[in-house]
Each structure stands twice: as structure tokens, then as C-alpha cells.
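Engineer: only geometry, no sequence info:
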């Protein structure tokens, strides 16, 4: 999800917000067009799906740690992992996804 622009910045404090998945970097778990729900104050832990801002770009990835360093992991192997300068770059934890019009296909991540 690279075209998030200022959606995260436009929400106040700990207000939960939703975004639409763009691209295939998080496939097969997250498919383009699905809706993800982000908790800005969600607890960070390795393996969480997160929204972060790195080098001025909003990015949706899985939080991972290797050798004491944090990085953002794409589930699709066609995409490289991105180094994470620090956890302050993370602006929210994905707590739910939904397929528009298909309520039974919703999934929670908390």
C-alpha cells in the first residue's frame, strides 16, 4: 500500500481509521481492494501488520526483527523487505480486514 498519502495524518490521536489495500505486496493474506482497519495506538509486536512512514512514503507491511534490527516485511516474495529506522516510523497496527460486500470474509488480527 504505497498510495496512502495523508490519510493517516488526517486522523486525530487514537482514532481508528480504514484504508483500501493497493497493490499486491501483501498477497496472499491481503488482496488489492480489501479494506484494512488501523488502530493508531495498537500494541506493536513482531509479526504485527503495520502502517509505517519510511522516507516520506506510507507503507503497509508486516513488522519483523532480524539480528536486533526492525524491518518491514512484504508477504509477496517479489518485494524486498524495507529497513525500519525505528519503531517511531510505525503509525498504526492493522486490527481487521474486510472484503467489501462479503462480511463473512472479514478477519481480525488482535
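Structural biologist: Nice, thanks for sending it over. Small disclaimer: the values here were computed from a predicted structure and weren't measured.
Engineer: name the nearest residue to residue 51, sequence neighbours excluded.
Structural biologist: Spatial nearest neighbour of residue 51, chain neighbours left out: residue 92 (4.5 Å); criterion: CB to CB, 6 or more residues apart in numbering. In this view, the C-beta of every residue, glycine as well, is placed from N, C-alpha and C.
Engineer: which ones are touching residue 74?
Structural biologist: Residues in contact with residue 74 (CB atoms under 8 Å, 6 or more residues apart in numbering) are 25-26, 61-62, 80-82.
Engineer: now tabulate these in CSV and tack on secondary structure and distance to residue 70.
Structural biologist: Formatted as CSV, these follow (DSSP: H, G, I helix; E, B strand; the rest coil; distance: CB to CB, whole Å):
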residue, secondary structure, distance to residue 70
25, coil, 18
26, coil, 17
61, strand, 11
62, strand, 11
80, coil, 15
81, coil, 10
82, strand, 10
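Engineer: where does pLDDT dip in the protein?
Structural biologist: Within the chain, the ranges that satisfy pLDDT under 70 run 1-13, 102-105.
Engineer: helices along that one, start to end?
Structural biologist: Remark: no helices are assigned in the chain by DSSP state H.
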